[in-house]
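Colleague: What follows is a predicted structure for the sequence shown.
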Amino acid sequence: MSIIVLKLPEVKPSTETRPKGCPHCHGETFQRWGKVSKPVKDNRIDTVGVYRYRCNHCRRTFRYYPEGVDRADQTQRMRKLAAICWVLG
Ligand SMILES: [Zn+2]
């Protein structure tokens, strides 16, 4: 009997850092442009706080997702877990 240690990605309920660069133009100065609550499918948390920022350089807005979360409804942890369950049958 072997023990398998599964390393799942961390999921944070909100961001602790500011974005490093604009995804559109890689500018480095932003204004905080509101906050949205995003419902997610995860085994531990159901909503995450996502900040929107506006780039001072290109004036476009973007969402800055916390670790483990992206545009999809499921967190990266749940997607990985689903893949593992599928492999194990
Ligand atoms: Zn920009």
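Modeller: Cool, got the structure.
Colleague: Now do the helices in this protein.
Modeller: Under the criterion DSSP state H, the chain contains helices at 76-88.
Colleague: can you pull out the strands in it?
Modeller: 30-39, 47-55, 61-64 (DSSP state E).
Colleague: As JSON lines, those with distance to the ion, mean neighbour count and mean pLDDT would be great.
Modeller: (C-beta placed from N, C-alpha, C; glycine too.) What follows is the strands of the chain, written out as JSON lines (distance: least, Cβ to the ion, whole Å; neighbours: other Cβ atoms under 10 Å; pLDDT from 0 to 100):
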{"stretch": "strand 30-39", "distance to the ion": "8", "mean neighbour count": "13", "mean pLDDT": "94"}
{"stretch": "strand 47-55", "distance to the ion": "3", "mean neighbour count": "18", "mean pLDDT": "95"}
{"stretch": "strand 61-64", "distance to the ion": "8", "mean neighbour count": "17", "mean pLDDT": "95"}
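Colleague: Nearest to residue 77 among the ones you listed would be which one?
Modeller: strand 47-55 (11.9 Å; Cβ to Cβ).
Colleague: got the CA positions of the closest one in PDB?
Modeller: Listed next in PDB are the C-alpha coordinates belonging to strand 47-55 (Å, rounded to 0.1, in the frame of the first residue of the first chain):
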ATOM      1  CA  THR A  47     -17.000  33.300  -3.500                       C
ATOM      2  CA  VAL A  48     -13.700  35.100  -4.000                       C
ATOM      3  CA  GLY A  49     -13.200  38.900  -4.100                       C
ATOM      4  CA  VAL A  50     -11.800  40.000  -7.400                       C
ATOM      5  CA  TYR A  51     -10.400  43.600  -7.800                       C
ATOM      6  CA  ARG A  52     -10.700  45.400 -11.000                       C
ATOM      7  CA  TYR A  53      -7.900  47.800 -12.000                       C
ATOM      8  CA  ARG A  54      -7.500  50.400 -14.600                       C
ATOM      9  CA  CYS A  55      -4.200  50.800 -16.300                       C
END
